[in-house]
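Colleague: I'd like to go over a predicted model; first the sequence, then the structure.
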Amino acid sequence: MPERNRSGEVALSDSLQSWKAEFFKALAHPARIRILECLREGERSAGEIMEELRMEQSNGSQHLAVLRNKGFVTARREGTTILYSVRHPMIFQILDMLREYFHEHLSEVRTLLEAMAPPEAPHSNEPPRGGPAEPHS
């Protein structure tokens, strides 16, 4: 019988939680996000990806291998060229949702910072009182 939590719902299995953690771990490097964004336009060769993102071949190949091993991208050979594409368009939906979440978070932080800012002093053309004394001639 499935294990239930306090509210009576079936609890997520450890394997699903582990899969989710591995999923996000694969996205934990900005270069991998950039590669996925580069593939948004469609299939590309490793060389095209590296050139567009200005990555060294060895570094980019390592990131492509992680994305491939975790099932984010697929690769196919065409002659001597290996072409990469995103395995499922839902990956872009996830990236788009994360972008929206990021912007919402920034908006909340901005609102908080504005609320914490000291009130602006009234603008006046008069010099501040108690300021530096006029020089004597």
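Modeller: Happy to help now that I have it.
Colleague: Residue 27 and residue 19: what is the separation?
Modeller: Counting by C-beta to C-beta, to the nearest Å, the separation of residue 27 from residue 19 is 13 Å. No exception for glycine: its C-beta is placed from N, CA and C like everyone else's.
Colleague: which of the two has more neighbours?
Modeller: Taking neighbours as other C-beta atoms under 10 Å, residue 27 and residue 19 compare with residue 27 leading, 18 against 12.
Colleague: Excluding covalently adjacent residues, which one is nearest to the more buried one?
Modeller: Counting by C-beta to C-beta, 6 or more residues apart in numbering, residue 33 is the residue found nearest to residue 27 once chain neighbours are left out, at 6.2 Å.
Colleague: hang on, isn't the one you found packed against residue 95?
Modeller: Yes: Residue 33 is in contact with residue 95 according to C-beta atoms under 8 Å; the separation is 7.0 Å.
Colleague: how far is the one helix or strand residue 18 maps to from where the chain is centred?
Modeller: For residue 18, the host element (DSSP states H and E) is helix 14-26. Mean C-alpha position of helix 14-26 versus that of the full chain (C-alpha atoms, centre = their mean, to the nearest Å) differs by 17 Å.
Colleague: buried ones in it?
Modeller: Taking 16 or more other C-beta atoms under 10 Å as the basis for neighbour counts, the residues of helix 14-26 that come out buried are residue 26.
Colleague: Touching that helix from outside, list them.
Modeller: Here helix 14-26 makes contact (C-beta atoms under 8 Å, 6 or more residues apart in numbering) with 32, 66-67, 70, 72.
Colleague: For these, could you give me a markdown table that also reports distance to residue 91?
Modeller: Putting these into a markdown table (distance: C-beta to C-beta, whole Å) gives the following:
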| residue | distance to residue 91 |
| --- | --- |
| 32 | 11 |
| 66 | 14 |
| 67 | 10 |
| 70 | 11 |
| 72 | 6 |
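Colleague: now residue 107: how far from residue 100?
Modeller: Counting by C-beta to C-beta, the gap from residue 107 to residue 100 is 11 Å.
Colleague: same question, residue 112
Modeller: If you measure residue 112 against residue 100 using C-beta to C-beta, the figure is 19 Å.
Colleague: Could you do residue 71 as well?
Modeller: Remark: distance between residue 71 and residue 100 (C-beta to C-beta) = 24 Å.
Colleague: Alright, I will stop here.
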